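# Dropping a prediction and its sequence here:
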Amino acid sequence: MNIMVTGAGGMVGSHMVELLHAKGENVIGTYYRPTTDITELPKEIKMIECDIRYAPSVEKIIMEYQPEQIYHLAAQSYPTISWDRPYETIETNVNGTIAVYEAIKKVKELKKIDYNPMVVVACSSAEYGETLNQLEGSKIYVKETAELQPLHPYGVSKVGQDLISFQYFMNDHIRCIRARIFNSTGTRKVNDVTSDFTRRAIEAERTKIYELRVGNLDTRRAIMDQRDLVNALMLLAEKGTAGEVYNVSSENIYQMSDIVRMIEKQLGIKFKINVDSALLRPTDEKIIVGDVTKLKKDTGWKQNIPMEQTIADMLEYWKNK
């Protein structure tokens, strides 16, 4: 079947189109200012440049291919950047999502067919924001019913994306799954803690200057491997309930200092830690971890890849890069 992946130039999207292609699916990936090296992807994968904010381009692709599944991953996805570019963040994440749904409506109207794709939307744990700071003890595993109190423009944009998806489901009956994704990482990832630490560690190893620039090492995050995330999104497309929202989260919590220790152990290096004030956010969630009971119950998903394996793969990736 035809499957469309927006944001295929990102870390998750690039791995997703690669996996779908390996499975023999006819996958169409869109990209715009990719954050990964898309030349690493098999040349047989159809990759189309498309600014998700420009509705006619989105409409043209969906009209031509009429994908049966759409994984909408395209986004301005960095909270820190959203402070500097709030307009771009809102426009990309909210208006880009509207463009996808309006294109689906246009196919139905112009083609006069019962076009009924499943849209899996990459929403975010950043929607919960301050709510996460109010949870303690066993309640830190936030449920999908928790109040949305985002702490930065990125989180606000994801609330908008989430709710606009629900609106299109209720009013236009477009099947969609809202996946509130918690922290994930893996090869090709840039600008997150694990990718920054692993890249800087390899640079330090090569220069023999064993210093590591870091932000807040007390922050705790539930981080999952992108392969577990991609698997969850695919399972949701097949088994998830249309119109519903699902947390997609690791159940294993790591303090950022734990990540540093894992890197040191694998490289056999002890780093001098330098805290960079530029890497500290004005407000930050103390801990981010989701309750995935609903995801596991509806799809049978489970987390398979330990953080040690993820870090080993990322260190090897940066060595070769």
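Yep, that arrived.

# quick one, what contacts Pro153?
Ser82, Trp83, Pro86, Thr89, Ile90 (C-beta atoms under 8 Å, 6 or more residues apart in numbering). Using the backbone N, CA and C atoms, a C-beta is placed for each residue, glycine as well.

# For these, give me TSV that also has distance to Ala201, secondary structure and neighbour count.
Converted to TSV, the contacts of Pro153 look like this (distance: C-beta to C-beta, whole Å; DSSP: H, G, I helix; E, B strand; the rest coil; neighbours: other C-beta atoms under 10 Å):
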residue	distance to Ala201	secondary structure	neighbour count
Ser82	27	helix	25
Trp83	27	helix	14
Pro86	32	helix	16
Thr89	30	helix	25
Ile90	35	helix	18
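
# Quickly check those residues for the two that are furthest apart.
Trp83 and Ile90 (12.6 Å; C-beta to C-beta).

# Any stretches of the stretch 201-321 of the chain with poor pLDDT?
Within the stretch 201-321 of the chain, the ranges that satisfy pLDDT under 70 run 281-286.

# need the contacts of Pro153 in TSV with distance to Ala103 and pLDDT, can you?
As requested, those are exported to TSV (distance: C-beta to C-beta, whole Å; pLDDT from 0 to 100):
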residue	distance to Ala103	pLDDT
Ser82	25	95
Trp83	31	95
Pro86	26	97
Thr89	21	98
Ile90	20	98
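
# Just the closest of those to Asp313, please.
Ser82 (28.3 Å).

# how about the closest one, what does it touch?
Gln76, Thr89, His152, Pro153, Tyr154, Ser157.

# What helix or strand is the first one located in?
Take DSSP states H and E as the rule and Gln76 turns out to sit in neither a helix nor a strand.

# begin at 418 from here
Happy to do that; since the first residue is 418 now, the last one works out to Gln493.

# Neighbours of it, how many?
By other C-beta atoms under 10 Å, the residues close to Gln493 number 22.

# residue contacts, it?
Per C-beta under 8 Å, 6+ apart, neighbours of Gln493: Ser499, Arg502, Glu505, Thr506, Thr509, Asn510, Tyr571, Ser574.

# These, buried ones only, as a ChimeraX selection?
A single ChimeraX command is used to select the members of the contacts of Gln493 judged buried by 16 or more other C-beta atoms under 10 Å:
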select :499,506,509,510,571,574
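
# Start from the N-terminal end of the protein and give the strands.
Here the chain has its strands, by DSSP state E, at 419-423, 443-448, 463-466, 486-489, 535-541, 593-598, 601-602, 628-631, 637-639, 641-642, 662-665, 670-672, 689-692, 704-705.

# Mind putting these into TSV with mean neighbour count and distance to Thr716?
Shown next, in TSV, are those (neighbours: other C-beta atoms under 10 Å; distance: least, C-beta to C-beta, whole Å):
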stretch	mean neighbour count	distance to Thr716
strand 419-423	26	17
strand 443-448	24	21
strand 463-466	16	28
strand 486-489	27	15
strand 535-541	25	12
strand 593-598	25	10
strand 601-602	24	17
strand 628-631	17	36
strand 637-639	21	18
strand 641-642	26	15
strand 662-665	24	8
strand 670-672	17	22
strand 689-692	10	40
strand 704-705	20	21
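
# Export the ones you listed to JSON lines and append columns for distance to Leu653.
Below are those laid out as JSON lines (distance: least, C-beta to C-beta, whole Å):
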{"stretch": "strand 419-423", "distance to Leu653": "14"}
{"stretch": "strand 443-448", "distance to Leu653": "17"}
{"stretch": "strand 463-466", "distance to Leu653": "23"}
{"stretch": "strand 486-489", "distance to Leu653": "10"}
{"stretch": "strand 535-541", "distance to Leu653": "6"}
{"stretch": "strand 593-598", "distance to Leu653": "5"}
{"stretch": "strand 601-602", "distance to Leu653": "14"}
{"stretch": "strand 628-631", "distance to Leu653": "34"}
{"stretch": "strand 637-639", "distance to Leu653": "18"}
{"stretch": "strand 641-642", "distance to Leu653": "14"}
{"stretch": "strand 662-665", "distance to Leu653": "6"}
{"stretch": "strand 670-672", "distance to Leu653": "23"}
{"stretch": "strand 689-692", "distance to Leu653": "38"}
{"stretch": "strand 704-705", "distance to Leu653": "20"}
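
# Relative to Arg617, which of those strands is closest?
Across those, closest to Arg617 is strand 628-631 (C-beta to C-beta), at 5.8 Å.

# That closest one pairs with which strands?
Sheet pairing here is set by DSSP bridges, and for strand 628-631 it gives strand 689-692 (parallel).

# Other residues contacting the partner strand?
Tyr627, Glu628, Leu629, Arg630, Val631, Gly632, Asn633, Leu634, Val677.
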